[in-house]
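**Q** Structure for the following, please:
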Amino acid sequence: MPSELRESRHEIKISAPAETVYRMLAHVEDWPRLFPPNIYVDHVERGEREERIRIWATAGDTVKNWTSHRTLDPENLRIRFRQEVSMPPVAAMGGTWHIEALPSGDTLVRLDHDYRAVDDENLTRLDEVVDRNSRSELESLKATAESDGSTDALTCSFEDTVTIRGTARDVYDFIDRADLWTDRLPHVLAVRLEEPAPGLQTLEMDTLSKDGTSHTTKSYRVCLPHHRIAYKQVTLPALITLHTGRWTITPTEDGVTASSQHTFTVNTENIAKILGTDATVQNAIDYVRTALSTNSMATLGLAKAFAEERAGGDRP
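**A** Presented below is the predicted three-dimensional model:
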């Protein structure tokens with residue numbers, strides 16, 4: 001039976017305006033950038049003050065997902081949350097973000113939790129997880145809020161889109177079946193794909209760049225048939241510190257549009273080593289964007305050919 005109820009409080013002082021901190025916590029779409037364990041956050045329902053969200057996040061070597069109800073209170077700078085569907089060892093979890101503007105101009109953030117484990121045996125482990133994750137989240141929030149936009153200057157988001165006269169299912173299947181990419185995509189040298197649970201993939205692959213070099217990446221992918229595959233890289237090329245993205249397939253009157261969206265942050269420590277001593281941050285952004293876009297457009301082009309061939313009557 002579930003364990004006793006536990007309560008915890010963690011807090012941190014941040015040198016940034018309270019309204020800025022509140023907005024960062026309110027905009028859950030950005031959480032994969034804000035909190036390292038977060039892979040993807042999806043809105044199930046969304047109103048002005050109430051919302052239901054699904055969160056996928058790493059927990060050690062595994063990925064957990066859960067659904068939470070959130071109540072937004074921008075006047076009082078407060079966000080309440082309660083898990084509707086929890087994953088073991090969590091039996092129940094809820095809490096509140098309190099954001100308080102201090103006279104000094106700083107912000108005090110308090111993160112409260114109340115929770116139960118699935119049984120007493122797992123309670124100590126859950127205590128440790130809540131403590132570790134709370135401290136990590138607050139430190140990440142502080143670092144980003146205090147960066148004065150410096151991280152934004154190193155970050156680029158863009159999207160490539162193609163129009164396809166085919167079905168969403170066929171386009172989705174082409175992107176979902178990454179285990180076949182070595183046969184389908186010339187820039188993919190090797191693939192190691194695992195699917196520990198339906199809709200969740202771990203994808204590790206070796207890819208070839210235009211300059212002839214190769215690199216290995218590892219991503220967690222959240223697959224939502226037949227309209228979206230979102231991912232976050234956890235093993236990254238040397239020139240970036242962050243890479244998230246999503247494949248989106250949208251029906252149209254004549255078929256579908258398929259898009260590949262990327263957000264990445266440049267690793268300034270490796271610019272000179274990889275691009276030369278005269279290279280700038282903009283050079284690095286352009287280099288990474290070109291590499292990602294080239295591979296994305298190649299994948300979208302082959303997905304287009306695959307889906308249009310099937311739509312033409314060659315479907316097995």
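
**Q** quick one, what contacts residue 273?
**A** residue 238 (CB atoms under 8 Å, 6 or more residues apart in numbering). Quick note: C-beta positions are derived from backbone N, CA and C, even for glycine.

**Q** can you pull the buried residues of the helix ranked longest in the chain?
**A** What stands out as the longest helix in the chain, according to DSSP state H, is helix 281-309. Neighbour counts over helix 281-309 (16 or more other CB atoms under 10 Å) mark 284-285, 287-288, 291-292, 295-296, 299-300, 303-304, 306-308 as buried.

**Q** Determine the set of other helices and strands touching that helix.
**A** The contact analysis (3 or more CB pairs under 8 Å, 6 or more residues apart in numbering; DSSP states H and E) places helix 281-309 against strand 155-164, helix 168-176, strand 256-266, helix 271-275.

**Q** buried residues in stretch 266-284?
**A** Residues 266-267, 271, 284 are the ones in stretch 266-284 that count as buried (16+ other CB under 10 Å).

**Q** where exactly do the strands run in the protein?
**A** In the chain, the strands defined using DSSP state E lie at 6-14, 38-46, 50-59, 62-73, 78-85, 90-101, 107-117, 155-164, 188-197, 200-208, 214-224, 228-235, 240-251, 256-266.

**Q** Dump those strands into a markdown table; add distance to residue 147 and mean pLDDT as well.
**A** What follows is the strands of the chain, written out as a markdown table (distance: least, CB to CB, whole Å; pLDDT from 0 to 100):
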| stretch | distance to residue 147 | mean pLDDT |
| --- | --- | --- |
| strand 6-14 | 11 | 98 |
| strand 38-46 | 18 | 96 |
| strand 50-59 | 22 | 93 |
| strand 62-73 | 24 | 94 |
| strand 78-85 | 22 | 96 |
| strand 90-101 | 18 | 97 |
| strand 107-117 | 14 | 98 |
| strand 155-164 | 10 | 98 |
| strand 188-197 | 34 | 95 |
| strand 200-208 | 30 | 94 |
| strand 214-224 | 25 | 94 |
| strand 228-235 | 20 | 96 |
| strand 240-251 | 13 | 97 |
| strand 256-266 | 11 | 98 |
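
**Q** any chance of those strands in TSV, plus distance to residue 175?
**A** Shown next, in TSV, are the strands of the chain (distance: least, CB to CB, whole Å):
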stretch	distance to residue 175
strand 6-14	39
strand 38-46	15
strand 50-59	18
strand 62-73	19
strand 78-85	27
strand 90-101	32
strand 107-117	37
strand 155-164	12
strand 188-197	12
strand 200-208	11
strand 214-224	9
strand 228-235	6
strand 240-251	5
strand 256-266	8
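
**Q** right, so of those, which gets closest to residue 129?
**A** strand 50-59 (7.3 Å; CB to CB).

**Q** Can you report how many residues neighbour residue 219?
**A** 21 (other CB atoms under 10 Å).

**Q** Now do the contacts for it.
**A** 202-204, 231-235.

**Q** ok, so of the residues you listed, who is nearest residue 16?
**A** For those, the closest approach to residue 16 (CB to CB) belongs to residue 232, at 24.8 Å.

**Q** shouldn't the closest one be in contact with residue 246?
**A** No. The criterion here is CB atoms under 8 Å, and residue 232 misses it with residue 246 at 9.8 Å.

**Q** more crowded one of those two?
**A** Using other CB under 10 Å as the criterion, residue 232 and residue 246 rank with residue 232 on top: 25 against 19.
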